[in-house]
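Novice: A predicted structure for the sequence below; I have some questions about it.
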Amino acid sequence: MQSDNGAAPETPGGRRRVSRETTTAVVAKFTGVLESIVEIFAGCRFAYGDEEGLQAGLAAALEDADYSVRREVRLDGQSRIDLLVGRIGIEVKVAGKPDAVLRQVTRYAHSDLIDGIVLVTTRVRHRMPDVINGKPIVVVSLAAAGL
C-alpha cells in the first residue's frame, strides 16, 4: 500500500515498508550479480589472520574478476559496510554473536545505497533470512564450504 504521495508507507520506526512485488523485482534483478559474487568466492581459497586480511583477499578476488570494489563504505552516521560492488554490499565476519550480526546486516539493508548483501563469514552459526527490507541476503560460510 502506498501513501498519498506515492511513496511506500513508513513503519512506526520510520522505516519504509516494502511490497511483495518490489521485493520480488529487486531479488530477481540482483540474483545474477549475487550468484556471480558467490561463485567467485567459492572458487578461491583465502589465507587470512584476521577480518581485515579476509576483506583484502575478497576484494582482490573480485578485482581479479574485473569488479570495481570500494572498501569501508559509509552508509550513514553509524554504518560502514566492508566492501561495496556496485550496489551490492559485502560484510565480512570472522567473529560476532549471531543476533549482533543480524542487527548489523538489517541496518545495512535499510540503506538506500544497498540493493543486496553478501555476508561472508567464518561462522556456520551466522544465518540470515533470504530477504531483509526487500533486499536479497546471501550468506557465504567459509567454514561450511571448507574455504
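Specialist: Noted; the coordinates are in hand.
Novice: all helices for the chain, in order.
Specialist: 20-42, 51-64, 98-109, 142-145 (DSSP state H).
Novice: State the distance from the residue nearest in space to the middle of the chain to Arg45.
Specialist: Geometric centre of the chain, nearest residue: Ile117, 1.7 Å, by C-alpha atoms, centre = their mean. Using C-beta to C-beta, to the nearest Å, Ile117 is found at 23 Å from Arg45. All C-beta atoms are positioned from the backbone trio N, CA, C, and that covers glycine.
Novice: got any ranges where the chain has weak pLDDT?
Specialist: Scanning the chain with the threshold set as pLDDT under 70 gives 1-32, 34, 43-44, 144-147.
Novice: Lys98: what's it in contact with?
Specialist: For residue 98 the amino acid is Pro, not Lys. Arg123, Arg125, His126, Arg127 (C-beta atoms under 8 Å, 6 or more residues apart in numbering).
Novice: I misspoke; the intended subject was Leu113.
Specialist: By C-beta under 8 Å, 6+ apart, Leu113 lies in contact with Val73, Leu75, Leu84, Arg87, Gly89.
Novice: And for Tyr48?
Specialist: Tyr48 neighbours (C-beta under 8 Å, 6+ apart): Leu54, Ala56, Gly57, Val94.
Novice: Good, wrapping up.
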